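>>> Any chance you can model this:
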Amino acid sequence: MKLKKKMVAGVVAVGIISGAGFSLANTDAGGALRSWYDNLFNQTSEEVLAESNANFERILAQLRAENEVLKELATSQINGTRDSAIANSTLAINSAKESHIQSLDAEKAAIELGMEYQFYNLFLSGSLEILAKGNEMQGTAVADFGNHTGAKGQEAVTEVTNQLNTVKENAVSELESAIIRAKEELTADVDDYTEIVSRNLNNQAVWKGEEIREELDRILAGMVAEQQAIITAKAAELEADAKQSLDDVVAGIGNE
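Here you go, the predicted model:
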């Protein structure tokens, strides 16, 4: 409609220009037409672009509103995937951790179970080696002393005796020290095991006492229920017999 109005206005303008031709004979008609057309095109272009821009702005506003909805939907989907990934990965990580912890605890328990026996065997092995070497050394010394005393005579015997007494004293002292150390170590071990065994036995006694108490309660309840049933049955039997005896007495009234 706006474009048609501009066209009509242009025709009127051309008519006016044509009517005034006698006074504008020297004016360039083509240039005037070009100027008119350029103005018309520029104005029309502005209107077309303005209308197009307005329409496009409305479309953009609608798209922006739709984009907000899409953004919220995308955010919801992303957050859902995030939460699911966190939950699944957390579950998998905790499961792997628990599996490792269980394996670690089981292996630690197995090691601890055999540790005392291993060290006890190590102690026995060391003690036997010490005794064997001591006995071997003493036997060798005695044999050597015997050969030496035979060659050196009484003087050698006296010297050997003195030396052997010294060796014996050292051996006895060392042995006594070893015995004391062994007793102290064994006493400490006995104390430890006594405490552990006593505690475990006490716990076992408590547990067994509870178990026995529960079992006796159950058995007693069964026996009481059994006797109650017997008493109830016997009472019913005696009641029926008494009633029958009463009925017999009543029935015999007419026979007397």
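
>>> Give me the mean pLDDT for the helix or strand encompassing Asn203.
Assigned by DSSP states H and E, Asn203 falls within helix 29-251. Here helix 29-251 scores 84 as its mean pLDDT.

>>> what helices or strands is it leaning on?
helix 2-19 (3 or more CB pairs under 8 Å, 6 or more residues apart in numbering; DSSP states H and E). Quick note: C-beta positions are derived from backbone N, CA and C, even for glycine.

>>> quick check, distance from the helix holding Asn203 to the centre of its chain.
Chain-centre distance of helix 29-251: 11 Å, with CA atoms, centre = their mean, to the nearest Å.

>>> C-alpha coordinates for stretch 136-143, PDB please?
What follows is stretch 136-143, C-alpha atoms only, in PDB (Å, rounded to 0.1, in the frame of the first residue of the first chain):
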ATOM      1  CA  GLU A 136      80.200 -79.300  70.100                       C
ATOM      2  CA  MET A 137      82.600 -76.700  71.500                       C
ATOM      3  CA  GLN A 138      82.600 -78.200  74.900                       C
ATOM      4  CA  GLY A 139      83.200 -81.700  73.600                       C
ATOM      5  CA  THR A 140      86.100 -80.400  71.400                       C
ATOM      6  CA  ALA A 141      87.600 -78.600  74.300                       C
ATOM      7  CA  VAL A 142      87.300 -81.600  76.600                       C
ATOM      8  CA  ALA A 143      89.000 -83.800  74.000                       C
END
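
>>> oh, and call the first residue 138 from now on, that's how I've got it
All right, first residue 138 from here; so that's stretch 273-280.
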